[in-house]
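>>> okay, here's the prediction I keep looking at, along with the sequence it came from:
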Amino acid sequence: MEHYDGENDYMHQEDDWDRDLLLDPAWEKQQRKTFTAWCNSHLRKAGTQIENIEEDFRDGLKLMLLLEVISGERLAKPERGKMRVHKISNVNKALNFIASKGVKLVSIGAEEIVDGNAKMTLGMIWTIILRFAIQDISVEETSAKEGLLLWCQRKTAPYKNVNIQNFHISWKDGLGFCALIHRHRPELIDYGKLRKDDPMTNLNTAFDVAEKYLDIPKMLDAEDIVGTARPDEKAIMTYVSSFYHAFSGAQKAETAANRICKVLAVNQENEQLMEDYEKLASDLLEWIRCTIPWLENRLPENTMQAMQQKLEDFRDYRRLHKPPKVQEKCQLEINFNTLQTKLRLSNRPAFMPSEGKMVSDINNAWGSLEGAEKGYEEWLLNEIRRLERLDHLAEKFRQKAAIHEAWTEGKEDLLQKLDYETASLSEIKALLKKHEAFESDLAAHQDRVEQIAAIAQELNELDYYDSPSVNARCQRICDQWDALGAMTVKRTEALQRTEKLLETIDQLYLEFAKRAAPFNNWMEGAMEDLQDTFIVHTIEEIQGLSTAHEQFKATLPEADKERQAILGIHNEIAKIVQTYHVNMAGTNPYTTINPQEINAKWDKVRQLVPQRDQALIEEHARQQNNERLRRQFATQANIIGPWIQTKMEEIGRISIEMHGTLEDQLTHLRQYEKSIVNYKPKIDQLEGDHQLIQEALIFDNKHTNYTMEHIRVGWEQLLTTIARTINEIENQILTRDAKGISQEQLNEFRASFNHFDRDHSGTLGAEEFKACLISLGFDIANDAQKRTGIMDAEDFKTCLISMGYNLGENEFSRIMSVVDPNRMGIVTFQAFIDFMSRETADTDTADQVMASFKVLAGDKNYILADELRRELPPDQAEYCIVRMAPYTGPDGVPGALDYMSFSTALYGESDL
């Protein structure tokens, strides 16, 4: 008989194994059944099994086979003879192998096994179970029996009525077995329906479920356990160890599946963010593309009403349509920055939007929009001023033309009359004097004709829409005027030829005509001036008109004296006619003007004077109201403009100062954002004042340098700046939490960054960034400091070399693409922190994901769709199946998928 000693302490607890206990029939029965089932669970892998544990191991063949199966190693070649010496040799080979594994065999010899000694055979099997099923169990630095017990206690701790303290009576009620199964496979057992007082049901449930679903053979009988005061500890340990090994493999698969799920979830989320960015960018660019042609349309309208409608449409655009797009643009930038931060934190390549959809492209398009917008508003105001001027000139042209046409009416017929041929001498002289008066009147109307032509010319120069009709009317007036001139000359010559034949002339009629004609012309001019429309924009202008009107009123007494004198001439003629009984054939032959007409026009002038007074008073009141609107707008604008500038400076200081943690700064900024948003009603109030000013057609304001456009741009920049600053703090929190940067480190980085950001631009120039790295302990040649707000490629390369990087041109280009994915030529504080922390960050890699897939695939170089669906959630399993390429290796099978290329593609190392 041979004896084997080992040095492992895990067997010490069995050194004094009490073989007398095996004499207890109940314990021996439990051990026989449990050990037999345990041996068969392994032997069936080799296509065999045992029926009687002490008989079937006597020749040593199945014993050696059992050891080969459970160890995975080849034993020495067995003896195939039937003699006792052959059997002893085989058993000794098995015992020698057990001893080689560090197992101490006490009082167990090959002869006893060959002789079928039940106690020794059971003891040997128990030693094998301890070595190969229990020794490797390790939980929190405990092993073997203590480790297995601790594992059971941990797994069953949440379950009521379960208190595992040992491997005998703690398992009698069966709840411990059910709890282990439910903890790992809750769908197999309805634990809530189990009762502590029904151990038979509990035990049978656990044994049946374990055999059917967990591939754990039924090693115990419920009747034996319930009917025994103290169930056999070794049988219980053997059976429980099967649960440990069954569930430990599932735990590894679960861990691998969780890792894959995590990686896939991050990838899916990033892809969704990319799709959202692309859609939002496309929509915003499409809106800008459709809006710019509308703003660039400079086709003028013909009427003030149409241009006013265009101005109203523009107000609606500024007030209703543009503000949501400003928010979309800001949100687009925030989403882009957040996506890039998440990609960096998950070790993914930076996101490059489609061509033409970069943030810089959107900013360029937005700049074009605002340029077109500014030019459009200026054009609208100029067009309104032009149409206003055109309307005024057109009305003035119509009035003067109407007066002139009324004056010329019948003049051609008068000049073409041949009345002098049959007239008497007195009548001839009268006709001559009358014609002289007409010539005087014609000369007086020359200025009006020239004014009409000048107004028509100005209307043409200002591109008046109805210029053809104005030109035609002006041409008719000019042609008629030339004709009148020619006819006047012709009649003068005819009268002068007959003058020698005529001697008598009535001087009084002539004097009346000479004085009445200019006075009548003066009255017509006065009526024209009093009815003339006017347009002013300031109080000074209306005051000038009022002064001129007062001066005109001061001339009325002298004009009244002239009227009385002219009427006195007419009265003198009547007196002479009455005194000397002169035969008067008709009215004054020298003029068509009569006292009634003079009196009627004088009365008209007197009526128009108070009307002019009232019009000037109303216009003065309107200009006073306009001045009030100017002051009202200026008062608010002079408050809001500096307030916006102050807030912009305060936000700049907050973003570079370090007061408290990042969370404190984020809270402060959000409170600050709320206070800014609460200021919006004052902006809306100012918009209302601005609308009143535009409706009143007020185009300038000397009381303030701020326009509504300045306020709008400042407000939009303020909202964008606070939102961008909050986003930067949130990204810093994401970086800090993901990369494990302490608050002290972050404060040190920020303090150095702020110290060298002397222009408070939020970015470091090339020399500033170099000096910042030196302050953090990097050895970089410190050239003269600059304040450009950017870091060029050569300076950043010098920074990296000083930190220990040996960079070629290709490697440096790759790093610059990481810290500056948009190719803006600057290195921001966020990019600097990302780069510094990425070198030591513990992130998922393609190799780790590949190893996890290999666990799920059972160490194969490929994986099947069914394996993915079994181990992963449905949506992520289908995600992998759709994107994995077919496996083309020589060991592939139909439907095999290449998880290796898929894993590298997740991290940008190949195409997905």
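It's in.

>>> how about the backbone phi and psi for residue 647?
Residue 647 adopts backbone torsions of phi -60, psi -40, taken as degrees, to the nearest 10.

>>> just the one 3 residues further on next, same as before
Here the main-chain torsion angles of residue 650 (degrees, to the nearest 10) amount to phi -70, psi -40.

>>> distance from the helix or strand containing residue 618 to the middle of the chain?
Secondary structure assigned from DSSP states H and E places residue 618 in helix 595-656. Mean C-alpha position of helix 595-656 versus that of the full chain (CA atoms, centre = their mean, to the nearest Å) differs by 42 Å.

>>> same question, stretch 277-291
12 Å.

>>> can you give the distance from the helix ranked longest in the chain to the centre of its chain?
Among the segments of the chain that qualify as a helix by DSSP state H, the longest is helix 233-296. Distance of helix 233-296 from the chain centroid (CA atoms, centre = their mean) equals 23 Å.

>>> helix, strand, or coil at residue 167?
coil (DSSP: H, G, I helix; E, B strand; the rest coil).

>>> residues in contact with it?
145, 149, 233, 236, 237, 240 (CB atoms under 8 Å, 6 or more residues apart in numbering). Every C-beta, even on glycine, is put in place using the N, C-alpha and C of the backbone.

>>> what strand or helix carries the second one?
Remark: residue 149 resides in helix 144-156, with elements defined by DSSP H and E.

>>> quick one on the thing from earlier: can you name every helix or strand that whichever helix or strand comes after the helix holding residue 618 contacts?
Downstream of helix 595-656, the first helix or strand assigned by DSSP H and E is helix 662-677. Packed against helix 662-677 by the contact rule (3 or more CB pairs under 8 Å, 6 or more residues apart in numbering; DSSP states H and E) you find helix 595-656, helix 708-739.

>>> contacts for stretch 447-462, please.
Taking CB under 8 Å, 6+ apart as the rule, stretch 447-462 contacts 386, 389-390, 393-394, 396-397, 400-401, 403-404, 467, 470-471, 473-474, 477-478, 481.

>>> buried ones in it?
Buried residues in stretch 447-462, counted by 16 or more other CB atoms under 10 Å: 448, 449, 452, 453, 455, 456, 459.

>>> what's the answer for stretch 87-98, then?
Residues of stretch 87-98 classed as buried: 87, 88, 89, 90, 91, 92, 93, 94, 95, 97, 98 (neighbour count, 16+ other CB under 10 Å).

>>> would JSON lines of those with distance to residue 329 and secondary structure be doable?
Formatted as JSON lines, the buried residues of stretch 87-98 follow (distance: CB to CB, whole Å; DSSP: H, G, I helix; E, B strand; the rest coil):
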{"residue": "87", "distance to residue 329": "89", "secondary structure": "helix"}
{"residue": "88", "distance to residue 329": "90", "secondary structure": "helix"}
{"residue": "89", "distance to residue 329": "88", "secondary structure": "helix"}
{"residue": "90", "distance to residue 329": "84", "secondary structure": "helix"}
{"residue": "91", "distance to residue 329": "85", "secondary structure": "helix"}
{"residue": "92", "distance to residue 329": "85", "secondary structure": "helix"}
{"residue": "93", "distance to residue 329": "81", "secondary structure": "helix"}
{"residue": "94", "distance to residue 329": "79", "secondary structure": "helix"}
{"residue": "95", "distance to residue 329": "82", "secondary structure": "helix"}
{"residue": "97", "distance to residue 329": "76", "secondary structure": "helix"}
{"residue": "98", "distance to residue 329": "76", "secondary structure": "helix"}
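
>>> now those in TSV, with distance to residue 878?
Converted to TSV, those look like this (distance: CB to CB, whole Å):
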residue	distance to residue 878
87	58
88	61
89	58
90	54
91	55
92	57
93	53
94	50
95	54
97	48
98	49
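
>>> what's the burial count for the nearest residue to residue 590 once chain neighbours are set aside?
Nearest non-adjacent residue to residue 590, counting by CB to CB, 6 or more residues apart in numbering: residue 513, 3.6 Å away. When neighbours are defined as other CB atoms under 10 Å, residue 513 has 27 of them.

>>> same question for residue 573.
When neighbours are defined as other CB under 10 Å, residue 573 has 19 of them.

>>> just the element for it, please.
Using DSSP H and E, residue 573 sits in helix 556-580.

>>> repeat for residue 179
Assigned by DSSP H and E, residue 179 falls in helix 175-184.

>>> thinking again about what came up before, in contact with the residue nearest to residue 590, which residues?
Taking CB under 8 Å, 6+ apart, one finds 433, 434, 437, 588, 590, 591, 593 in contact with residue 513.

>>> got the buried residues for the host helix or strand of it?
Assigned by DSSP H and E, residue 513 falls within helix 507-531. By 16+ other CB under 10 Å, the buried positions in helix 507-531 come out as 508-517, 519-524, 526-527, 530.

>>> hey, what's the angle from it to helix 595-656? Just curious.
Calculated by axes from the mean of the first three to the mean of the last three CA atoms, to 10 degrees, helix 507-531 forms an angle of 20 degrees with helix 595-656.

>>> quick one: distance of helix 507-531 to the chain centre.
Centre-to-centre, helix 507-531 and its host chain are 76 Å apart (CA atoms, centre = their mean).

>>> quick one, the helix or strand just after it and helix 507-531 angle?
Remark: after helix 507-531, the chain's next helix or strand is helix 539-554, criterion DSSP H and E. Orientation of helix 539-554 against helix 507-531 (the same axes, to 10 degrees) gives an angle of 160 degrees.

>>> quick one, grab the pLDDT at residue 98.
The pLDDT attached to residue 98 in the predicted structure is 85.
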